[in-house]
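[1] how does the following fold in three dimensions:
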Amino acid sequence: MNINARKVANKHIVIGCTVIPGYIEGVGKYLIQDCVNTSLSYHPEFIAQGDIMNGTLRPDMALIGEGSKAAGDVLEKMNMRMTQTKPIICRMSPASAEITKLSINCFVTMKVCFAAPPRLSLSCSHFLVPSQVSYANMIGDIADRTPGASKHDILNAVGSDSRVGKKCVRICAAVLGLLQLTAYCGCRYLRPGYGFGGPCFPRDNRALGGYAKMVGVQPLLPEATDLYNKLHTGYQIDEQLALNKEEYVFTGIGYKDPCPVNIIEESQKLVIAQALARAGKRVVLRDRDYLIKVSGADCSCRALPHSVRRQPSWSSENFSLTLSYLRASRWSQPNPPDNLPYWQHVHCTATRHELLITH
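    Next up, the predicted model:
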């Protein structure tokens, strides 16, 4: 619906999804330029896939980028009325709220990467605390270059998220006015394991890095976090190959563990599984039917040239796949591509709850 064409008046319009910083000022206001006495605010949700109702009812804080004081008042009352935990209310400009939303996920992914390295013998705090100082200063530099944004409002809101903590982003009145952090960080997400994935963390981390470049700030921390996430997965692949097992079994292949939703986007388990299969290892993936189905289609497509990628057709609700990248294999699904060389054909067989990948 084109709101501007309808020339709505006396309304508060609220954006609830993640946007790139600068959207409301640079794009959003233009889209409602003919709407009289109409404000545009930013009120994003902080919810996890598979835990949406709990995140909605029990948020740590409510982030309100108010387009007007009246709109902010309405959003604050709404949050206090509908939530069970009475969240911390963080009201600020839309520009500040846009940066805050990305900054929180950027901080969390940074914590995940600090928890990952099993090779570090020194205390994690020796590395994590200085990086938090740099993180706060980076956010401050980005805010200083964004019209209408306040670094103090942003970092206060970031610290209101329990995954971060106010002690992590407390602003100290240093002589030069620099942002510093105390030597404290919560334990949540500080557990070694697989790298981060899914539809939010990678996207928001890269988005903050992209916006930082736009305003002239080098996004060293977001880029390093993204890079180390990939390096960590590479180390895990090397460690698994060194075990030289006859068969590798992965149980639970979603983007996080446990994963109550059917999402495999940037699942690091799948990245490892595919790498092991390409190395000639026998790999078995076990999970719910739908995730096996999606993973099988993904692996099938990755085995084919881009021009002939297609999703296999399925006739069973409960199944799994056997994928084989063998030269002597055959295409078991209907209508194989005519232009696909015989040795590249993918062999798929239906069983249940399991995906077998072999080279």
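[2] list the contacts of Lys230.
    Gly195 (Cβ atoms under 8 Å, 6 or more residues apart in numbering). For the C-beta atoms, the positions are set from N, CA and C on the backbone; glycine is no exception.
[3] which SSE is it in?
    Element membership for Lys230 (DSSP states H and E) is helix 220-243.
[4] could you list the buried residues of that helix?
    Buried residues in helix 220-243, counting neighbours by 16 or more other Cβ atoms under 10 Å, are found at Leu221, Pro222, Thr225, Asp226, Tyr228, Asn229, His232, Thr233, Gln236, Ile237, Gln240, Leu241.
[5] what mean pLDDT does it get?
    Averaged across helix 220-243, pLDDT comes to 92.
[6] and for the very next helix or strand once past that helix, what's in contact with it?
    Downstream of helix 220-243, the first helix or strand assigned by DSSP H and E is strand 247-251. Identification of contacts with strand 247-251 by Cβ under 8 Å, 6+ apart yields Gln240, Lys269, Ile272, Ala273, Leu276, Lys281, Arg282, Val283, Val284, Leu285, Arg286, Asp287.
[7] retrieve the pLDDT associated with Met82.
    92.
[8] list the contacts of it.
    By Cβ under 8 Å, 6+ apart, the neighbours of Met82 are Thr56, Leu57.
[9] count of neighbours near Gly198?
    Look at Gly198: counted by other Cβ atoms under 10 Å, it has 20 neighbours.
[10] for it, which three-state class applies?
    Assigned with DSSP: H, G, I helix; E, B strand; the rest coil, Gly198 falls in the coil class.
[11] before we move on, the earlier item: now the contacts of strand 247-251: which count as buried?
    Here, 16+ other Cβ under 10 Å leaves Gln240, Lys269, Ile272, Ala273, Leu276, Lys281, Val283, Val284, Leu285, Asp287 buried among those.
[12] I'd like those as JSON lines, with distance to Val217 appended.
    JSON lines is the format used below for those (distance: Cβ to Cβ, whole Å):
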{"residue": "Gln240", "distance to Val217": "38"}
{"residue": "Lys269", "distance to Val217": "34"}
{"residue": "Ile272", "distance to Val217": "33"}
{"residue": "Ala273", "distance to Val217": "37"}
{"residue": "Leu276", "distance to Val217": "39"}
{"residue": "Lys281", "distance to Val217": "43"}
{"residue": "Val283", "distance to Val217": "41"}
{"residue": "Val284", "distance to Val217": "45"}
{"residue": "Leu285", "distance to Val217": "41"}
{"residue": "Asp287", "distance to Val217": "40"}
